[in-house]
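Visitor: Let's see this in three dimensions:
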Amino acid sequence: MLINELSKKTGLSIHTIRYYENLGMIKGLTNENVKSNNYKHYDANTIERLEIIIEAREVGFSLAEIKKILTSWFETIDAKPETLELFQAKIKEIDDKMKYFRQTKRLLEKVCEKIQNNDLQ
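Guide: Numbering: from 1, shown residues only. Sure, this is the predicted structure:
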């Protein structure tokens, strides 16, 4: 499929797809027999890779982390230990952020309470 169709199937813009390709996260192939254009063709594997990128971005992985995930998932024979380590690190990072946000929320609630009681000084 061409990039236009890939964009429609994934919901990503052509610009974003090209960006991920420039980062080496996906790869399009050109037809060596066609000399009149540089159209790249993408296969079903590219859709799977883009879906992983989308989901990983949604849960907070950086592009560098996603690139490691893709490499270990698609290019390493025994990817479990490395992938598990990346996921466990992300879980810890999320736990740390949740703790920070709970503390921040409690602080803001105290300030709101003081404001409501005209007790702010």
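Visitor: any idea how far residue 97 is from residue 106?
Guide: For residue 106, the distance to residue 97 equals 15 Å [CB to CB, to the nearest Å]. All C-beta atoms are positioned from the backbone trio N, CA, C, and that covers glycine.
Visitor: Could you do residue 2 as well?
Guide: 40 Å.
Visitor: need the contact list for the residue most central in space within the chain.
Guide: By CA atoms, centre = their mean, the chain has its centre lying nearest to residue 57, at 2.4 Å. Counting by CB atoms under 8 Å, 6 or more residues apart in numbering, residue 57 touches residue 66.
Visitor: Mind listing what's buried along the host helix or strand of it?
Guide: If you go by DSSP states H and E, residue 57 is part of helix 44-58. Buried residues in helix 44-58, counted by 16 or more other CB atoms under 10 Å: 46, 47, 49, 50, 52, 53, 56.
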